[in-house]
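Chemist: Mind looking at a prediction? Sequence and model below.
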Amino acid sequence: MFDGLLNEKCGLYKMTETQTTGGQVGKTWTLLANNIRCRLDMKRGTEVNTGGGRMVKATHILYMRHRTLTENEHRVKIKNDIYNVLLVSHAGGMDHHIEILLERVH
């Protein structure tokens, strides 16, 4: 029944820090998995502390089967839109599915 609600396919990305020749630290996003079944819904007004005192408002909520994702280290891409992972919650019992609060980047 849950799988029938997953009407989108998304890509999961993980951030890695790289060092340029000039010594600057940069971020690159590496594709971990593609065509993951998920469901994306709008979400407004939920503030999330992403660490270091930075508060952001979640713009969307994503549902998918259980995966190991970490706040601030993962991104999700659906169609041409990219979202930062702000908060991951286990729902429906451990290892069933996760709910992910997202911030739309572009």
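Modeler: Looks like it came in fine.

Chemist: Relative to residue 82, how far out is the residue of the chain most remote from its centre?
Modeler: Most distant residue from the mean C-alpha position of the chain: residue 22, 30.4 Å away (Cα atoms, centre = their mean). Counting by Cβ to Cβ, to the nearest Å, the gap from residue 22 to residue 82 is 26 Å. To be clear about C-beta, it is placed using only N, CA and C from the backbone, and glycine gets the same treatment.

Chemist: cool, and residue 12?
Modeler: Distance of residue 12 to residue 82, computed by Cβ to Cβ: 11 Å.

Chemist: Determine the residues that are contacts of both of those two.
Modeler: By the contact definition Cβ atoms under 8 Å, 6 or more residues apart in numbering, residue 12 and residue 82 are jointly contacted by 75, 76.

Chemist: Distance from the chain centre to stretch 76-88, please.
Modeler: 4 Å (Cα atoms, centre = their mean, to the nearest Å).
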